[in-house]
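**Student:** Next one to model:
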Amino acid sequence: MTEMTLQARTKHVLLVEDEEAHAELIQLSFESRDDIQLVVVTTLEDARASLARATPDLLVVDSLLPDGRGIELLKNPPPEASCPVILLTSHANQAMQAEAMAAGAARYIVKSEVTLLEMPQIIEDLFSGPGAEADD
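**Tutor:** So this is what the prediction gives:
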C-alpha cells in the first residue's frame, strides 16, 4: 500500500469542544488511530476560522460553547463548509435533538465517558453507514 493510498483514506475531523476533560477523552480515543486526523478548537469563532481554511470530513461540535450554541454551525454554516455534523450535548433533551436533526445533524450524542471513548467507532459507523460516500 502506498503513502498516497493511506493519505487518501485519512479522515479529517474538527472537534469543537470547550470542556477540556471531554476533549482529552476524545483525543485519547483516537491515539491509536492513524486513519483519522483530529483537530480541536474550543469556540465557534475558532471553528469558523478553521472551516474557512479547510473543510473537514466531519464536524463534531458541542451544543453549548463559550460564544454560542454549536447548532449555529448547522443553521448558519460558513459557505465553504459542507460536511456531516455530530452534535454533542451533556444533557439529553428531546427538543434540542429534534432541532439538531431538523437542522441537518448526522447524529445527536449525549456525552458520557463511554460515548466519548467510542467516538472513533461512532465516526467509522457514520462514514461506512447507509448513504456514506465511497472513497475515491
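**Student:** Show residues contacting stretch 91-106.
**Tutor:** 58, 63, 71, 74-75, 84-87, 89, 108, 110, 126 (Cβ atoms under 8 Å, 6 or more residues apart in numbering). From N, CA and C alone the C-beta is placed, and that goes for glycine too.
**Student:** Which of these ranks first by neighbour count?
**Tutor:** Ranked by neighbour count (other Cβ atoms under 10 Å), the contacts of stretch 91-106 have Leu87 at the top, with 26 neighbours.
**Student:** What residues does it make contact with?
**Tutor:** Each residue near Leu87 by Cβ under 8 Å, 6+ apart is listed here: 61, 63, 70-71, 74, 100, 105, 107-109.
**Student:** Just give me the closest of those residues to Leu28.
**Tutor:** The nearest member of the contacts of Leu87 to Leu28, counting by Cβ to Cβ, is Ile109 at 16.8 Å.
**Student:** who does the helix or strand the closest one falls within pair up with?
**Tutor:** Assessed by DSSP states H and E, Ile109 sits inside strand 107-110. Here strand 107-110 has these sheet partners by DSSP bridges: strand 85-89 (parallel).
**Student:** Report the mean confidence score over the partner strand.
**Tutor:** Strand 85-89 comes out with an average pLDDT of 95.
**Student:** What is the lowest-pLDDT residue among the contacts of Leu87?
**Tutor:** Among the contacts of Leu87, Leu74 has the weakest pLDDT, 88.
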